[in-house]
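Enquirer: Need a 3D model of the following:
(chains A and B)
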Amino acid sequence: MLSADFILQAVINGILIGGVYSLVAVGLNLIFGVMKIVNFAHGALMMLGMYIAYWSATLLSINPYLSILIVIPLMFVLGAAIQNFLINPIISAPEHNQLLLTLGVSLFLENLALFLWSPDYRVLATPLARINYYIGDLSISLVRVMAFGVSMACSAALFIVLTRTDLGKAIRAASEEREGAILMGINVRRIYFICFGIGAACAGVAGATITPFFPVYPHVGGLFVITAFVVVVLGGMGSFTGAFAGGLIIGVAESIGAIFLPGSMKAIVSFSIFILILLFKPTGIFGGRRG
Amino acid sequence: MTRSNHPEILEKKLSRRDFIKTTVVAAAAVSAGSLGIPTLLKAQPKEIIIGHIHPLSGSLAFDGQELQNGLMLAVKEINAAGGIKSMGGAKLKLLSADSEGKPDLAIKEMERLAGEGAVAVLGCYQSAVTVVATQLAEKLKVPFVVSVAVADEITERGFKYTFRVQPNALQMAQQTIGHLAEIVKASGATVKTIAYLHDDTAFGQSIVGHVDKFAPAQGFEVVIKVPYSPRSPDLTTEVGKIKSAGADLVMATGYFGDGVRAYKTMKDLRVSAKAIVGCANGAYSHPKFVKELGDITEYVMDGNYQANLLIPRTQSAFANYLKDYNTPMGTSTVFAYQGVYVIADALERCKTENREALRDALAKTNLSEHILPQGPIIFGPDGQNVNAAATMMQIQKAEIKVVWPKLFAQAAPVFPVPA
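Expert: Residues are numbered from 1 along each chain as shown, chains lettered A, B, ... in the order given. Model (predicted):
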């Protein structure tokens, strides 16, 4: 039963879904790294990205991948607004207050979606979802490859912004040393809402890329956000490369784990990694220093 | 003047007046009765309150609202046809309660409905919620007719006030396997092995347990059981296991969202089998499954509850539903709708709002006029409908058709499925 094809198939699909985990985690980690805020609303933001892609495709007949061009600005503005009007007023409050606030935002968004779009499952019917490539007995689904590719491209673009531009330098400065950054004339408040905007856009894009093969419903974000938290801890809180690599690792670990552990038990693999990392390397695989 | 200054006198006056009034009315009633004139009560038919508890908000709101629509339609039809005739044309009145899908709220609402005079209560769509609501109903001695809830244990606790019309997990699994065996036999194909993909909640576990037990008697063997978490975003490995098993048939049980994901993955990985057959599958006999996944769903089968679509009674109920709510009546809604008729039938026979008398009447139910693909609705000593039936459905030309048993079939089954 454990044929090479079977394991290879598990690894391939693990990597493909892992790419999406990566993008979700990168956004989550950017928000955490810069503002030290654990964003529980990340799953809800991802869900909004899915709905935007779904409605653009069904109402406006926009290709689900082109709809990312709508998702990015909308989610950026929403994220920036959440940061500016909700989180900023309590930015210096104790961490658990901020946590409760993002949890509240998450509940609000999910119930808003319930109210506006009903709890109905919606499946985006696109002919692209039918296309599969076969190599021998291996199957590679086009929409999954697209989700992986788009997620990778977005992560790469974000990486370039962070490392090669003045904005990226300012973001990194604000993340490493808030007071210092202020003294250097960086408008940290502006950096904060840009970061939250980018984080929200990452969640939205991740949502949009999976819409062609994943049913959309108001509570869908919950399926991904817990995994994203594991990824963030695995890779190292605040580490970009850590979140990126962690996504791929968890994707493959879950896929391989399902070979040996049935049903919900496969989550044991990722949560065991989570606990081991917390015990032995709390800064994460790629996290050098503690923030 | 005196009245406003001396309220206590007013009170006394009023109570004296009340006393006189009551006496006069009583005297009139007694004399009227002795004269053989119909009593005053008959002049204006009273309302009989029927309560229901469903998830009207929260993540199952869509399902709960649909069931409520089914209840409202049945009440409307019964009232339009003259109410409960043996009780002077008394009209039914529906009292709604929202469980939000939570057992604790269902308990609170059950208490409220009983307090507000509901003669019987329907509910609750989820097994876990129904288990606790029926427990309280038993204690309060309120007849409880289960609209939808599949768990066997609901009617296995020796309760006297719980009745269920729909097939439970055992009936669902046993009959699905039975229909399947007959279809296989009629086709002349040979089927020996089954690979089973199922969700690992109580729902999937109980169904697969029963299938495993009944399969050998029909010459089938469940060679692999692959559980999956409905919350898992990717099911490649699980479906890969099913594929590697290379069984003659693939069977699947799950909810809608994960059912869609699992099916899509089966098609991506080119799982081949003589047929893909659901058992009580939340996706495979849902019109939305066909609509959204398109022609890759062709020939998928599902053993599940359904109405008897061949009789005028069902057709008129479906037409009325479509007219009122502008959407086709779902299979779960059928059982909410039918539940009201079961209560109305018992009221017609017991002629009273007394809950104990109503319970006794429900226990003696023998209702042949219904919209289900079964013989008369008769409850066993445990309250389970002994004739409850699951039918085999198949998606043919993008429509969900009943294909077995032949008595209720709209089309002939296509088996084995063309490659």
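Enquirer: Flag every buried residue along stretch A:257-269.
Expert: Buried residues in stretch A:257-269, counted by 16 or more other CB atoms under 10 Å in any protein chain shown: A:257, A:258, A:259, A:262, A:263, A:264, A:266, A:267, A:269. From N, CA and C alone the C-beta is placed, and that goes for glycine too.
Enquirer: what's the straight distance from one end of that stretch to the other?
Expert: Taking CA to CA, to the nearest Å, stretch A:257-269 runs 6 Å from one end to the other.
Enquirer: That one vs chain B: in contact?
Expert: Yes. Counting by CB under 8 Å from any CB of the partner chain, chain B has neighbours in stretch A:257-269: A:258, A:259, A:262, A:263, A:264, A:266, A:267.
Enquirer: ok, which stretches of the chain are strands?
Expert: Assuming you mean chain A. A:132-135, A:138-141 (DSSP state E).
Enquirer: was after chain B, sorry
Expert: Using DSSP E, the strands of chain B run over B:47-54, B:91-98, B:120-123, B:144-146, B:162-164, B:193-199, B:221-228, B:249-253, B:275-279, B:301-304, B:391-396, B:399-404.
Enquirer: and residue A:163, which of the ones you listed is closest to it?
Expert: Among the strands of chain B, the nearest to residue A:163 by CB to CB is strand B:221-228 (40.0 Å).
Enquirer: From chain B, how far out is residue A:53?
Expert: As judged by CB to the nearest CB, to the nearest Å, residue A:53 and chain B stand 15 Å apart.
Enquirer: which ones are touching that residue?
Expert: A:64, A:67, A:68, A:71, A:124, A:207, A:208, A:211 (CB atoms under 8 Å, 6 or more residues apart in numbering or on different chains).
Enquirer: Which of these scores worst on pLDDT?
Expert: Ranked by pLDDT, these bottom out at residue A:124 (85).
Enquirer: Can you report how many residues neighbour it?
Expert: The local packing of residue A:124 (other CB atoms under 10 Å in any protein chain shown) involves 23 other residues.
Enquirer: Same check on residue B:294?
Expert: Residue B:294 - counted by other CB under 10 Å - has 15 other residues nearby.
Enquirer: Touching, residue A:45 and residue A:110? I think so.
Expert: No. Residue A:45 is beyond contact range of residue A:110, at 10.6 Å (criterion: CB atoms under 8 Å).
Enquirer: any residues in contact with both of these two?
Expert: By the contact definition CB under 8 Å, 6+ apart, residue A:45 and residue A:110 are jointly contacted by residue A:221.
Enquirer: just to revisit the earlier point, nearest to residue B:113, of the strands of chain A?
Expert: Once the strands of chain A are compared by CB to CB, strand A:138-141 is nearest, at 49.2 Å.
Enquirer: Who has more neighbours out of residue A:45 and residue A:110?
Expert: residue A:45 (30 against 22).
Enquirer: From residue A:93, how far out is that one?
Expert: Per CB to CB, to the nearest Å, residue A:45 is found 21 Å from residue A:93.
Enquirer: low-confidence ranges in the chain?
Expert: No chain was given, so I picked chain A. A:1-2, A:287-291 (pLDDT under 70).
Enquirer: right idea, wrong chain: chain B
Expert: Within chain B, the segments meeting pLDDT under 70 span B:1-45, B:59.
Enquirer: Of all residues in the stretch 51-200 of chain A, which one is closest to chain B?
Expert: With CB to the nearest CB as the measure, residue A:123 is the residue of the stretch 51-200 of chain A nearest to chain B, at 3.5 Å.
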